[in-house]
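> here you go, sequence then predicted model.
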Protein chains: 2
Amino acid sequence: MDNNRVLMPFKENGHQHQHCLNAALLAAEKTCLERGVRLTNLRRRVLELVWRSHEPVKAYDILDKLRDEHAGSAPPTVYRALDFLQAEGLVHKIESLNAYVGCAEPDHRHHSQFLICHDCGAVAELDNVNVRRMLAENAKQLGFRIDYETIEIKGTCSACAIDDQ
Amino acid sequence: MDNNRVLMPFKENGHQHQHCLNAALLAAEKTCLERGVRLTNLRRRVLELVWRSHEPVKAYDILDKLRDEHAGSAPPTVYRALDFLQAEGLVHKIESLNAYVGCAEPDHRHHSQFLICHDCGAVAELDNVNVRRMLAENAKQLGFRIDYETIEIKGTCSACAIDDQ
DNA sequence: GCTTTAAATGTTATATTATAACATTACATT
DNA sequence: AATGTAATGTTATAATATAACATTTAAAGC
């Protein structure tokens, strides 16, 4: 029994990113429709920009792109959209990088553990139930009630480990 | 067998903080001496300011205090000292708060899991070996080599849970 | 369809967090 | 004392994020 679900793997060889993007947008549309919240053009566009790659994207990089398309864009434009997307679980913030990654499974309640390659920048998202359980147990022993977990693991992904040799 | 070490508990009733402070400074002196690195007056002072409480402290709050004592203080003054203290494991940065907490066991190699009460702001530091092991296993399966872990759990501590009632 | 209301976005300004670059001082070693 | 390195001082600016208020857009009831 494997309690470790890989929500988003490191991208593999021959990875067709357009598929990820399409799937993410489709999932987002579906999720928002079900929840009765509005995935506006702006929010969708920001989501697309987050999903341009599997690397965490900075708010001001998104802002630069938005400004190419619409001169009136300003920091609140981006941060509000990101706040919405985060609240709906469509993107996650990587706290240790001040950057954002798309979530492949917004409709599936999960806790995340991120593996972040500090060489190529790629991120994988895991949901290991045992890790969650163990932390929950620890917390319980101390009478601590968990609301939210930030788990960000930095290191070297397999592709970059090979390149390093 | 309990694989969960509490490196720094939530502070208990009748907690004498002066003891924490003294112990932390003593440990820091010892650690730096052993490693042949210099705990200068400035660095010691910043460490003291981080240890004023068990809540994460902001860099600019430290800077304000330093300025009371020495007008020439500037952001680099604080950030350099914090960088040094982090590198030596004397303080940890809480990424999700952009703030710093003292480490009670700088000489003991450990990974940390932080429990952070978003009600009173207090932080506890744990080192659960099983969590580490499990994450290491996950990483290994994906060929990922771990360098560093950021684990920050937000919630309500027992004291605040009681107050809430 | 029109009105009302609430949500979303626009706009300007500013707060917060962090680093770059170069000058000076203090310290350890010779 | 002379030298080299580490630490700190100093000025400027970059990067990240929010506050506050104005305007526009969309949804819901009439």
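That came in fine, so what should we check first? Numbers count the residues shown, from 1 in each chain, chains lettered A, B, ... in the order given.

> what does chain A have sitting close to DNA strand C?
Residues of chain A that fall close to DNA strand C, judged by CB under 7 Å from any atom of the strand: A:37-38, A:40-43, A:70-77, A:80-81, A:84. No exception for glycine: its C-beta is placed from N, CA and C like everyone else's.

> tell me where the model's unsure across chain A.
For chain A, the stretches with pLDDT under 70 are A:1-2, A:164-165.

> show me where chain A has strands.
A:4-8, A:91-94, A:99-102, A:113-117, A:123-128, A:145-156 (DSSP state E).

> got the angle between the fifth one and strand A:113-117?
Using axes from the mean of the first three to the mean of the last three CA atoms, to 10 degrees, the direction of strand A:123-128 lies 150 degrees away from that of strand A:113-117.

> what does chain A put close to DNA strand D?
Checking chain A against DNA strand D by CB under 7 Å from any atom of the strand, the hits are A:38, A:58-60, A:74-76, A:79, A:83, A:98.

> what's the closest of the residues you listed to chain B?
Nearest to chain B out of the residues of chain A next to DNA strand D is residue A:98 (CB to the nearest CB; 8.9 Å).

> I'd like the distance between the closest one and residue A:82.
In this view, residue A:98 and residue A:82 are 11 Å apart by CB to CB, to the nearest Å.

> between the two, which has more neighbouring residues?
residue A:82 (21 against 13; other CB atoms under 10 Å in any protein chain shown).

> surely the more buried one meets residue A:100?
Yes - between residue A:82 and residue A:100 there is a contact at 6.0 Å, judged by CB atoms under 8 Å.

> so what sits against both of those two?
Listed as contacting both residue A:82 and residue A:100 by CB atoms under 8 Å, 6 or more residues apart in numbering or on different chains are A:50, A:59, A:62, A:91, A:93.

> so what's the second one closest to, chain neighbours aside?
When you say that, I think you mean residue A:59. residue A:78 (5.1 Å; CB to CB, 6 or more residues apart in numbering or on different chains).

> who's in contact with that neighbour?
Contacts of residue A:78 (CB under 8 Å, 6+ apart): A:46, A:59-60, A:62-63, A:66.

> do you know how far it is from residue A:100?
Residue A:78 is 10 Å from residue A:100, by CB to CB.

> what's the answer for residue A:6, then?
With CB to CB as the criterion, residue A:6 and residue A:100 are 20 Å apart.

> so which of these two has more stuff around it?
Using other CB under 10 Å as the criterion, residue A:6 and residue A:100 rank with residue A:100 on top: 26 against 17.

> phi, psi of residue A:121?
phi 90, psi -10 (degrees, to the nearest 10).

> tell me how far residue A:67 lies from residue A:133.
The value you get for residue A:67 to residue A:133, if CB to CB is used, is 45 Å.

> just the ones of the residues of chain A next to DNA strand C in helices?
Under the assignment DSSP state H, those contribute A:41-43, A:75-77, A:80-81, A:84 to helices.

> tell me which two of these sit farthest apart.
A:41 and A:75 (18.8 Å; CB to CB).

> follow-up on the earlier one: hey, what's in contact with both of residue A:98 and residue A:82?
residue A:59.

> with adjacent residues omitted, what lies nearest to residue A:77?
residue A:66 (6.3 Å).

> isn't that neighbour right up against residue A:46?
Yes - using CB under 8 Å, residue A:66 is in contact with residue A:46, at 7.5 Å.

> these two: who's more crowded?
residue A:46 (28 against 20).
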